[in-house]
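**Student:** need a 3D model of the sequence below.
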Amino acid sequence: MARFLRPLLRGTTYTRLLHLWVPMLMESVWLFIDMSKPWVPALVLVPVGLLPAVRVGEGVQARLLLTPGTDGTGISVTPSASWRDRGRTVLWLELRMLLAVPTTFASVWLPVLTYELVRLACGYSDPTSPLLAWARPHWAYGLLAPLPLLALYGLVVVLGALATALARRLLGPSAAERLAALEERTEQLLERTRIARELHDSIGHALTVAVVQAGAARAAGDPEFTGRALVAIEETGRAALEDLERVLGVLRESERPASSRPTLADADRLLDSARASGAKMDAEVSGPVAAVPGPVSREGYRILQEALTNVLRHAGAVPVRVRVAVGDGTLVLEVRNPLEAAVPAPGRGSGLRGIRERAALLGGDALTGPHEGDWRVRAELPLG
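**Tutor:** Here you go, the predicted model:
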């Protein structure tokens with residue numbers, strides 16, 4: 001019983017009733033003008049529904065009255081973008097008018113019927129009664145008095161739910177809007193993945209350099225070398241904090257330009273950091289690196305950073321050959337170091353996987369693994 005009466009306590013029931021009443025306002029005004037043609041308002045709704053802005057107003061009404069207290073998911077509030085959307089809007093307006101007719105008449109006459117039944121049960125009779133002029137007073141009519149109110153209650157609940165379902169169907173997002181929402185969701189997922197990579201590459205690189213520097217300083221026992229190591233740790237940590245601030249800025253400001261992230265033009269600080277960690281750098285840069293498109297340059301920087309981080313983490317202070325070449329519409333990044341430790345299993349570690357994912361995202365390719373006695377990371381990224 002409590003479940004049956006629960007809609008009586010919901011504000012949604014009454015806002016939906018109001019939504020069902022609204023179309024009869026226009027019908028009522030027209031009936032004052034010409035009662036012989038009640039179908040004219042329904043005819044007028046056809047050209048009205050073809051106006052793109054009408055869909056916005058109907059969507060706002062539906063969200064406020066049919067789904068109050070929610071985000072209105074499933075009901076669009078954008079103008080009609082196609083003839084299909086206009087047709088759906090016209091159909092919605094006609095069906096809304098159709099639902100308004102029984103709702104309005106039931107809202108008026110069912111309470112009147114209850115009133116007359118109560119009068120008959122109390123012994124009153126009215127030959128001019130619009131509904132029960134033929135009836136004679138009797139106490140049994142009191143047993144029937146609640147039935148019209150129950151019928152009205154059920155009608156309001158059912159028609160309100162039906163109107164809500166129709167609104168989601170006819171005022172819901174179009175195919176173009178659904179595609180745009182899907183693309184936006186995809187962009188959000190890609191952005192989250194990119195942020196995870198940014199944190200892994202930047203912070204992982206800084207921590208690796210700091211650990212290697214601290215270990216080398218402790219083993220060397222040389223105050224001068226320890227001083228240089230502390231300076232390198234400080235500079236690397238400061239750079240990592242700057243990178244972290246940039247990544248967190250993406251979370252705080254979705255409109256933050258991507259150009260604020262480091263590019264290959266900032267690669268010198270990576271090479272200097274690796275040199276300060278004891279690695280013997282042999283770097284070769286050829287071609288117009290400054291002319292590399294921003295997205296390619298930024299991802300190339302991160303690939304180079306991760307490759308150097310892996311060298312320091314797994315091989316330590318070893319000779320490293322770095323090649324950055326721009327030409328023939330392709331950016332080539334190659335980092336090689338001697339294999340002095342056990343060869344990692346292919347595909348292991350999020351760093352190498354991140355390198356391959358970054359390259360694939362730009363339509364390029366990345367190879368990681370042993371090659372001619374060295375460990376090689378080679379990425380080819382198209383510049384187009």
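
**Student:** from here on, contacts and neighbour counts on C-alpha atoms
**Tutor:** OK.

**Student:** which of the residues in stretch 102-122 are buried?
**Tutor:** For stretch 102-122, a neighbour-count test (16 or more other C-alpha atoms under 10 Å) marks 102-104, 106-107, 110-121 as buried.

**Student:** please apply the same query to stretch 330-338.
**Tutor:** 330-338.

**Student:** what lies in contact with that stretch?
**Tutor:** Defining contact as C-alpha atoms under 8 Å, 6 or more residues apart in numbering, one finds that stretch 330-338 is touched by 292, 300, 304, 307-308, 311, 318-326, 373-383.

**Student:** among those, name the buried ones.
**Tutor:** Buried among the contacts of stretch 330-338 (16+ other C-alpha under 10 Å): 292, 300, 304, 307-308, 311, 318-326, 375-383.

**Student:** from these, which land in helices?
**Tutor:** Among those, the ones falling in helices (DSSP state H) are 300, 304, 307-308, 311.

**Student:** okay, the residues you listed in JSON lines with pLDDT and distance to residue 143 next?
**Tutor:** Formatted as JSON lines, these follow (pLDDT from 0 to 100; distance: C-alpha to C-alpha, whole Å):
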{"residue": "300", "pLDDT": "88", "distance to residue 143": "83"}
{"residue": "304", "pLDDT": "89", "distance to residue 143": "86"}
{"residue": "307", "pLDDT": "87", "distance to residue 143": "86"}
{"residue": "308", "pLDDT": "86", "distance to residue 143": "88"}
{"residue": "311", "pLDDT": "82", "distance to residue 143": "89"}
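
**Student:** quick one on the thing from earlier: what about the contacts of stretch 330-338, which are in strands?
**Tutor:** Judged by DSSP state E, the subset of the contacts of stretch 330-338 located in strands is 319-326, 374-382.

**Student:** quick one: secondary structure of residue 235?
**Tutor:** Secondary structure assignment for residue 235 (DSSP: H, G, I helix; E, B strand; the rest coil): helix.

**Student:** what about it, distance to residue 207?
**Tutor:** Remark: distance between residue 235 and residue 207 (C-alpha to C-alpha, to the nearest Å) = 12 Å.

**Student:** how about residue 116?
**Tutor:** For residue 116, the distance to residue 207 equals 85 Å [C-alpha to C-alpha].

**Student:** for residue 61, which non-adjacent residue is spatially closest?
**Tutor:** Nearest residue to residue 61, sequence neighbours excluded (C-alpha to C-alpha, 6 or more residues apart in numbering): residue 19, at 7.7 Å.

**Student:** mind checking which helix or strand that neighbour is in?
**Tutor:** helix 11-21 (DSSP states H and E).

**Student:** so after that helix, what's the next helix or strand?
**Tutor:** helix 23-33.

**Student:** can you name every helix or strand that that next one contacts?
**Tutor:** When contacts are defined as 3 or more C-alpha pairs under 8 Å, 6 or more residues apart in numbering; DSSP states H and E, helix 23-33 packs onto helix 40-49, helix 83-121.

**Student:** which elements pack onto the first one?
**Tutor:** Using 3+ C-alpha pairs under 8 Å, 6+ apart as the contact definition, the elements that helix 40-49 packs against are helix 23-33, helix 83-121.

**Student:** how is the protein divided into domains?
**Tutor:** Listed by automatic domain parsing, the domain ranges of the chain are 2-173, 179-382.

**Student:** weakest of those by average pLDDT?
**Tutor:** Of all the domains of the chain, domain 179-382 carries the lowest average pLDDT, namely a mean of 77.

**Student:** so what's residue 79 up against?
**Tutor:** Residue 79 makes contacts with 52-56, as judged by C-alpha under 8 Å, 6+ apart.

**Student:** ok, which stretches of the stretch 201-350 of the chain are strands?
**Tutor:** 280-286, 319-327, 330-338 (DSSP state E, counting those that start in this stretch).

**Student:** what's the closest of those strands to residue 78?
**Tutor:** strand 330-338 (42.7 Å; C-alpha to C-alpha).

**Student:** so what strands line up beside the closest one?
**Tutor:** If you go by DSSP bridges, strand 330-338 pairs up with strand 319-327 (antiparallel), strand 374-382 (antiparallel).

**Student:** distance of the nearest residue to residue 217 once chain neighbours are set aside relative to residue 206?
**Tutor:** If the residues on either side of it in the chain are set aside, residue 217 comes closest to residue 226, at 4.8 Å by C-alpha to C-alpha, 6+ apart. For residue 226, the distance to residue 206 equals 17 Å [C-alpha to C-alpha].

**Student:** cool, thanks, talk later.
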